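**Q** Fold the following for me, if possible:
(one chain, ligands or ions: 1)
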Amino acid sequence: MTETPHAGSMLRCGKHLLDLTRPRVMGILNVTPDSFSDGGRHQRLDDARRHAERMLAEGADIIDVGGESTRPGAQPVALDAERERVLPVVEMLTREFDALVSVDTSAPQIITEAARAGAGLINDVRALTRDGALAAAAQSALPVCLMHMQGEPQTMQQAPHYAEPIEVAVIDFLRQRVAACEQAGIPRARLLLDPGFGFAKTLEHNLQLLNRLSALDALDLPLLVGVSRKRMIGEALGREVSQRLPGGLALAVMALERGARILRVHDVAPTRDAIDMAWAVLQERVENE
Ligand code: 9MG
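**A** Below is the predicted model:
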């Protein structure tokens, strides 16, 4: 367990200040066609508003808005479609709820436009590797979550392989991306890291990575973890997506104990309770040992 807060435990996210000395919940708001009704722009915005309002009421600290599916096998999305899905939602959530909005994107244009629309955080599963993404993120002045992945969502689950132990591969990759960010003018104090559960990883890789998550302490940056409803739960327990909540809560608590400070989830209320309960136990250990 990470007992001392990171130097960067207060994260400036646009006009919001995120205190990472206690665990935070990031609620997932997918605005992809498979997640929302196709009843037109107003209907989509209404659906997004209702879903976000519920997650905020249940205790979400951040709403992560994404217009590109990154599930294994997913096709890339055209820039105009991503813009049309994401930007009105970011704008609405910041204006109507004053919410801390994160944008799940790899596109430099969306990074720039989302920052203008009020986003407070960039969540990039491609760790700013797209042409122009480093510069756009540097210019936005927003914090960035850099995630580990090998290849692209379309093909990443076709026999993922690592020459070294999985946590070593993840740490090496993230260390290189942190260096690239610093070179591009994004200071370490604006970075979060994510080991990328389910991204180019077998079940064995995912289980090992969770067991060895504390090894990422070597990078001394706050950790974000997403395990909610993921295939690793289905594979380990034989559960369909709709039956994966208990497995996801177990993984979230284990990730918290191994240093994660932001949990990216679909089910906000049960996750809030699970991690707040686990945190109370962990704090007792810190205070009384
Ligand atoms: C967009 N997205 C899907 N899964 C994710 C995960 O595990 N982490 C982050 N940062 N983003 C994710």
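**Q** From now on I want contacts and neighbour counts done on CA atoms only, so please keep to that.
**A** Will do.
**Q** tell me what the longest helix anywhere in the chain is packed against?
**A** The single longest helix within the chain, with elements called by DSSP state H, is helix 268-288. The contact analysis (3 or more Cα pairs under 8 Å, 6 or more residues apart in numbering; DSSP states H and E) places helix 268-288 against strand 24-30, helix 245-257.
**Q** Can you give the contact residues for it?
**A** Here helix 268-288 makes contact (Cα atoms under 8 Å, 6 or more residues apart in numbering) with 3, 22-23, 25-27, 55, 58-60, 249, 252-253, 256-257, 265.
**Q** top of the residues you listed by neighbour count?
**A** When neighbours are counted by other Cα atoms under 10 Å, residue 27 leads these with 29 neighbours.
**Q** pLDDT score for residue 155?
**A** Looking at residue 155, its pLDDT stands at 78.
**Q** related to what we said a few turns ago, nearest to residue 146, of the helices and strands packed on helix 268-288?
**A** Closest approach to residue 146 among the helices and strands packed on helix 268-288 is made by strand 24-30 (15.2 Å; Cα to Cα).
**Q** Buried residues in the helix or strand following that closest one, which are they?
**A** Using DSSP states H and E, the next helix or strand after strand 24-30 towards the C-terminus is helix 41-57. Buried residues in helix 41-57, defined by neighbour count with 16 or more other Cα atoms under 10 Å: 44-45, 47-49, 52-53, 55-56.
**Q** what does the helix or strand that comes right after helix 41-57 rub up against?
**A** Next along the chain after helix 41-57, taking DSSP H and E as the criterion, comes strand 62-66. The set of residues external to strand 62-66 that reach it, using Cα under 8 Å, 6+ apart, is 24-32, 52, 55-56, 86, 89-90, 99-105, 123.
**Q** Looking at the protein, which residue is nearest the ligand?
**A** Nearest residue of the chain to the ligand (Cα to the nearest ligand atom) works out as residue 226 at 3.4 Å.
**Q** any idea how far that residue lies from residue 251?
**A** Using Cα to Cα, to the nearest Å, residue 226 is found at 9 Å from residue 251.
**Q** returning to that earlier point: would you list the helices and strands packed on helix 268-288 in JSON lines and tack on mean pLDDT and distance to residue 68?
**A** Compiled in JSON lines, these are given as follows (pLDDT from 0 to 100; distance: least, Cα to Cα, whole Å):
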{"stretch": "strand 24-30", "mean pLDDT": "97", "distance to residue 68": "8"}
{"stretch": "helix 245-257", "mean pLDDT": "98", "distance to residue 68": "22"}
